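>>> pasting the structure only:
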């Protein structure tokens, strides 16, 4: 395996590098997705779209989209990529900004992005703590219990089915204009 393809098998821990804004912890994440059997000249239809969810670390908390703390030594896109690799074990292109949610009861702000998955890793930092599950949009709508997750999912579906052509010139170069 080439060095550039290796992933550290340890998640970042601790809060000493965490970003805070107005007393709220800054959290970022992605909805990893892939497109099955689509015509590259057309827009995506919902039936050809799958999203990746992960199990919560605490039993009984259902499934989540990967997200975690945005640290002071990285930009928002690097943080979104890192959290998705650590928790879900996938690598891809961070694309469209899907929304911002405030969790006042937790003193947390969350920023979510779309990530088109390029590679699913065999080993990843939290593989012993979480399972990853690919599911259809219809299944994800049923499994996502929290309103912010449902909103982010609907924003992803709307963007991919109404706006985003499959053949994007360079998602990683265009991503900074998506905020």
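In hand now; what should we look at? These numbers come from a predicted model, not from an experiment. Numbering: from 1, shown residues only.
>>> For the residue most central in space within the chain, which three-state class applies?
Nearest to the mean C-alpha position of the chain, by Cα atoms, centre = their mean, lies residue 30 at 1.5 Å. Put simply, residue 30 is strand when judged by DSSP: H, G, I helix; E, B strand; the rest coil.
>>> burial measure for residue 135, as a count.
16 (other Cβ atoms under 10 Å). C-beta here means a position set from N, CA and C on the backbone, and glycine is covered the same way.
>>> oh, I was asking about residue 99
15.
>>> ok, now how distant is it from residue 84?
16 Å (Cβ to Cβ, to the nearest Å).
>>> circling back to that earlier point, next up, the contacts around the nearest residue in space to the residue nearest to the centre of the chain that is not next to it in sequence.
Distances taken as Cβ to Cβ, 6 or more residues apart in numbering place residue 115 nearest to residue 30, at 3.8 Å, with adjacent residues excluded. Counting by Cβ atoms under 8 Å, 6 or more residues apart in numbering, residue 115 makes contact with 30, 31, 32, 33, 80, 81, 84, 90, 92, 93, 94, 95.
>>> what do you get for residue 133?
Counting by Cβ under 8 Å, 6+ apart, the residues that residue 133 touches are 52, 53, 54, 55, 63.
>>> No further questions, thank you.
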